[in-house]
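Q: attaching a predicted model along with its sequence, questions to come.
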Amino acid sequence: MEQFIQEVETYAAAIGRKPQGVLRAAVGASWGSWDNWRSGKASPTMAVADRIRLYMAENPPPAEPEQARDVA
């Protein structure tokens, strides 16, 4: 579960949204779901976790622009 939480947090940060917003967009999760998952009061089913991972894969964060390189 900790790995899944980290995946969602990393993805959310990369797209500039809160994790709860990702859950709402991916699976229509209720507003309290994220807090309950983080605190251990509840957890998603494997099917829900898979749907969220699929959503993140199908909606990747924008690519970062290439950093300027020094050309010698």
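A: The structure has been received and is ready for your questions. Numbering: from 1, shown residues only.
Q: from Ala63, how far off is Arg24?
A: 24 Å (Cβ to Cβ, to the nearest Å). The way it works is simple: take the backbone N, C-alpha and C, and place the C-beta from them, glycine included.
Q: looking at the two, which is more packed in?
A: Between Arg24 and Ala63, counting by other Cβ atoms under 10 Å, Arg24 is the more crowded of the two (16 against 6).
Q: where's the helix or strand in which that one is found relative to the chain centroid, distance-wise?
A: According to DSSP states H and E, Arg24 maps onto helix 19-27. Chain-centre distance of helix 19-27: 8 Å, with Cα atoms, centre = their mean, to the nearest Å.
Q: return the set of buried residues in that helix.
A: Of the residues in helix 19-27, Pro19, Gln20, Val22, Leu23, Arg24, Ala26, Val27 count as buried by neighbour count, 16 or more other Cβ atoms under 10 Å.
Q: let's test this: mean pLDDT of that helix, rounded?
A: Helix 19-27 comes out with an average pLDDT of 96.
Q: helices and strands around the helix or strand following it, which ones?
A: Using DSSP H and E, the next helix or strand after helix 19-27 towards the C-terminus is helix 33-39. Packing partners of helix 33-39 (3 or more Cβ pairs under 8 Å, 6 or more residues apart in numbering; DSSP states H and E): helix 2-15, helix 19-27.
Q: can I get helix 33-39 in CSV, CA atoms only?
A: Extracted as CSV, the C-alpha positions of helix 33-39 are listed here (Å, rounded to 0.1, in the frame of the first residue of the first chain):
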residue,chain,number,x,y,z
SER,A,33,-11.0,8.3,0.3
TRP,A,34,-7.4,9.6,0.0
ASP,A,35,-7.3,10.6,3.7
ASN,A,36,-8.7,7.2,4.7
TRP,A,37,-6.2,5.4,2.6
ARG,A,38,-3.2,7.4,3.9
SER,A,39,-4.3,6.9,7.5
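Q: which outside residues touch it?
A: The contact list for helix 33-39 (Cβ atoms under 8 Å, 6 or more residues apart in numbering) reads Met1, Ile5, Val8, Lys18, Pro19, Gln20, Leu23, Ala42, Ser43, Pro44.
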